[in-house]
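# dropping a prediction and its sequence here:
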Amino acid sequence: MTPPRQPRPARRADAERNIAAIVSAALDLLAKDPDASTADIAKAAGVGRVTLYGHFPTREALVEAVLDRAVALADAALDDPAYEGLPAQEAMSRLIASAWEVLDGNRRLLTAADRVLPAERIRHYHDGALARVERLIRRGRDEGVFRTDLPLSWLVTHFYATLHSAAQEVEAGRLDHADAARVLDATLRSVLAAGR
């Protein structure tokens, strides 16, 4: 018989502050430079490397914590009840613009994540945002403006892949940053349009 599990002791307030400072610093630095070192992150957070590694023993663990924070901020930015009152095509254009703005601000963070996390795990962090996309496509189908001849899951995956491809193209200098939102809107609305 195994003994009952003891409740985990609450973290000390200073440990919580250190974790918050580390994640905030890592989010800021990795969004600018996907190769930012743990030493740079620790320095920006105002902690030593031993403290950083005490909370995040691997770069993977640190990047996952940063993605958690980035996704929470993105969800707050994309959670606009105004989408519900707009026709689906207009709501989709606004969602594309908002999603691109969020992704563009985090594209170097995604580069850092691509280097240490499997693609499936990165995709998992987008589940909340993609559920929003799925609901909107479903509504557009009900309104008769979005195509119904392709699986809904495929259209959602196409939305995800197209946004991430745009981020990679901008990062590589093959897509003009100033034109990316327009290109994404034209591409995705064309793919989604009914009557194809």
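Looks like it came in fine. Numbers count the residues shown, from 1 in each chain.

# confidence score at residue 146?
The model reports residue 146 with a pLDDT of 97.

# that one: neighbour count?
The tally of other residues near residue 146 (other Cβ atoms under 10 Å) stands at 23. Bear in mind the C-beta positions are built from the backbone N, C-alpha and C, glycine included.

# swap in residue 135?
Neighbours of residue 135 (other Cβ under 10 Å): 13.

# helix/strand/coil for it?
The three-state label given to residue 135 by DSSP: H, G, I helix; E, B strand; the rest coil is helix.

# can you tell me how far residue 170 sits from residue 76?
Distance of residue 170 to residue 76, computed by Cβ to Cβ, to the nearest Å: 24 Å.

# ok, the residue nearest to the spatial centre of the chain - contacts?
Against the mean C-alpha coordinate of the chain, by Cα atoms, centre = their mean, the closest residue is residue 71 at 5.0 Å. Neighbouring residues of residue 71 by Cβ atoms under 8 Å, 6 or more residues apart in numbering: 125, 126, 128, 129.

# try residue 114
By Cβ under 8 Å, 6+ apart, the residues touching residue 114 are residue 122.

# cool, and residue 161?
Residue 161 neighbours (Cβ under 8 Å, 6+ apart): none.

# element containing it, please.
helix 152-172 (DSSP states H and E).

# buried residues of that helix, list them for me.
155, 156, 158, 159, 160, 162, 163, 164, 166, 167, 170, 171 (16 or more other Cβ atoms under 10 Å).

# what number of residues lie near the closest residue to the fourth one other than its chain neighbours?
When you say that, I think you mean residue 159. Using Cβ to Cβ, 6 or more residues apart in numbering and skipping the chain neighbours, the partner closest in space to residue 159 is residue 133 (5.2 Å). Using other Cβ under 10 Å, residue 133 is surrounded by 24 other residues.

# could you pull out the helices in the chain for me?
13-32, 38-45, 49-55, 59-78, 88-105, 107-116, 119-124, 127-142, 152-172, 180-192 (DSSP state H).

# low-confidence ranges, the protein, go.
Applying pLDDT under 70 to the chain flags residues 1-11, 196.

# quick one, domains of it?
As given by automatic domain parsing, the domain ranges for the chain are 11-57, 61-192.

# how distant is the first one from the center of its chain?
Mean-position distance between domain 11-57 and its chain equals 20 Å (Cα atoms, centre = their mean, to the nearest Å).

# how about the contacts made by the closest residue to residue 32 other than its chain neighbours?
Leaving aside its chain neighbours, residue 32 sits nearest to residue 108 (6.3 Å; criterion: Cβ to Cβ, 6+ apart). By Cβ under 8 Å, 6+ apart, the contact set of residue 108 is 30, 31, 32, 33, 34, 171.

# about what we covered before: buried subset of the contacts of residue 71?
The buried subset of the contacts of residue 71 - by 16+ other Cβ under 10 Å - is 125, 126, 129.
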